[in-house]
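S.K.: A predicted structure for the sequence below; I have some questions about it.
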Amino acid sequence: MFDRIEDIIRKFEDITMELNEPTVAADQERFRKLMKEQKNLEPLVECYSEYKKCNDTIEESLQMLDEESDPDMKEMLKEELQAAKDRIPELENQLKILLLPKDPNDDKNVIVEIRAGVGGDEAALFAADMYRLYTRYAERQNWRVETMSVEDIGIGGIKTVSFMIKGNGAYSRLKFESGVHRVQRIPATESGGRIHTSAITVAIMPEVEDVEVEIDMNDCKFDVFRASGNGGQCVNTTDSAVRLTHFPTGIVISCQDEKSQQQNKAKALRVLRAKLYELEQERQHNDEAALRRSQVGSGDRSEKIRTYNFHQGRVTDHRIGLTLYKIDQIMDGDIDEIIDSLIAADQAEKLSKME
C-alpha cells in the first residue's frame, strides 16, 4: 500500500511543479486538467502527511521518555504518544479508502427521474414529495436544480418528473438513491383513516458529454406540441414543447420547460444521452456479477431500497438496515446521514473485497 502511496505523492509533486510553469497557464485546457487532478490527489497527500507526522511523534516521544526524568514531562509525553498511537489505525483506514478506485462519474451533474408507481393518486402525491425532498437537498448543498419536464395529475401530485441537479460531486452523493421508494401513510384522499402502501421509482443518471455517447440523429424523431401546466407567457401559447423518440431503444422523452423548441430539443438530447449511458452501464454490471455484488444495492429501479413510514415517523434503508426516526427532517431534504451511511457501507464492502 505504501509503495503505491509514495508513487502518488511523486505524481502530486510533479503536477504541482508543472502547474508552476508559465507555459502551462497559457494552455487553459491542460491547466484545468492538471488542477482537477491535483485536487483529486490532495486528500490522500494530506492524510499521508498526517500519518507520517504521527509516526514521527511516536518515535520522538519514545526517545524523549527514555531521556526524561521530570514526572510531569513524562506524563505529557505519554499522553502525546497514546494520542498518536490511537490516530494511526484511523489514518491507515482512511488511506485505504482514499486508494479505492474512484467512480469516474462521481464529479458529474445528475439527471433525476421520478415516476409514480403502484398506489394511484397517493403514489403521485408521494412523487411530488420526493421531488421536493431532492430539491431541498440540492438547496442545502448550494446546487442548482433545472426542471426538464413535469407531468402532474392536478391535485398536487406528479405522475413523472425529470430534472437536472448541477453541482460538484452531485452524482457521488446521490447515486445510491436509484430504486423503489415505498411510502406507508394515510393518504389525504383517504376518508377512512387507513394506512396505504404506495411506491415510486427514482433513477439517478450522470450527465454525460457528447463524446461519451454518440447518438445517430437518423435514429431519432422529434415532435413538437404546445406545453401544458404552469408556464411563462410564451410557454403555453406556442408549440415549444418537444417529444423525442429514440427508435432503437424505444425511449421517449418530453421536454417543455424552456420557451424555445431548440432549448427543449437540447435538453431532450441530454436526457437521452444519460439514459443510453445508463443502459450501457447496466449491461456492463450484468456482465460483471462480482462488481454488482460489491456495491450497496444494484441501483436497479425494481429494487425496493427504502420505506418511509409516516405513522411511525421512521425511514428505513433496507440495504444497510438503517432506521431513522426523523421523517419530517428527511422529507425536508435532510438526508446526509442516510447518504453518508450508504457511502461508508459501500467503502467497507469494497475494502473487504480487497483483503
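M.R.: Received, thanks.
S.K.: need the helices for the protein, in chain order.
M.R.: Counting by DSSP state H, residue ranges of the helices within the chain are 2-19, 22-26, 28-67, 71-98, 121-140, 170-174, 261-287, 289-293, 327-331, 336-354.
S.K.: among the ones you listed, which is nearest residue 109?
M.R.: Nearest to residue 109 among these is helix 170-174; the distance by Cβ to Cβ comes to 5.4 Å. Where you see a C-beta, it was placed from the backbone N, CA and C, and this is true even at glycine.
S.K.: Please point out which parts of the closest one sit buried.
M.R.: The neighbour-count check on helix 170-174 (16 or more other Cβ atoms under 10 Å) flags 170, 171, 172, 173, 174 as buried.
S.K.: cool, stretch 265-275 as well?
M.R.: For stretch 265-275, using 16+ other Cβ under 10 Å, the buried residues are 265, 267, 268, 269, 270, 271, 272, 273, 274, 275.
S.K.: any weak-confidence spans in the stretch 201-350 of the chain?
M.R.: 210-212, 227-238, 284-303 (pLDDT under 70).
S.K.: ok, now with 80
M.R.: When residues are selected by pLDDT under 80, those of the stretch 201-350 of the chain lie in 209-214, 226-240, 257-259, 281-303.
S.K.: Residue 107 contacts residue 168, correct?
M.R.: Yes - with contact defined as Cβ atoms under 8 Å, residue 107 reaches residue 168; the gap is 6.6 Å.
S.K.: Nearest to residue 79 among the buried residues of stretch 265-275?
M.R.: Of all the buried residues of stretch 265-275, residue 274 has the smallest distance to residue 79: 53.7 Å, by Cβ to Cβ.
S.K.: The residue nearest to that closest one when sequence neighbours are not counted and residue 146: what is the separation?
M.R.: With Cβ to Cβ, 6 or more residues apart in numbering as the criterion, residue 274 has its nearest non-adjacent residue at 4.0 Å, and that residue is residue 205. Using Cβ to Cβ, to the nearest Å, one gets 14 Å for the distance from residue 205 to residue 146.
S.K.: More neighbours: these two, which one.
M.R.: The neighbour count for residue 205 versus residue 146, taken as other Cβ atoms under 10 Å, is higher for residue 205 (26 against 14).
S.K.: Number of residues surrounding residue 323?
M.R.: 12.
S.K.: And it, how close does it get to residue 312?
M.R.: Taken as Cβ to Cβ, the span from residue 323 to residue 312 is 9 Å.
S.K.: again, but for residue 97
M.R.: Following Cβ to Cβ, the distance that separates residue 97 from residue 312 is 34 Å.
S.K.: Then residue 222?
M.R.: Taking Cβ to Cβ, one finds residue 222 at 48 Å from residue 312.
S.K.: Kindly report the same for residue 244.
M.R.: Distance from residue 244 to residue 312, by Cβ to Cβ: 42 Å.
S.K.: These two: which is more packed in?
M.R.: For residue 244 versus residue 312, the count of surrounding residues by other Cβ under 10 Å is larger for residue 244: 20 against 15.
S.K.: quick one, what contacts the nearest residue to the more buried one once chain neighbours are set aside?
M.R.: Closest residue to residue 244 apart from its sequence neighbours, by Cβ to Cβ, 6+ apart: residue 268 at 4.1 Å. For residue 268, the contact set (Cβ atoms under 8 Å, 6 or more residues apart in numbering) comprises 222, 242, 243, 244, 253, 254, 255.
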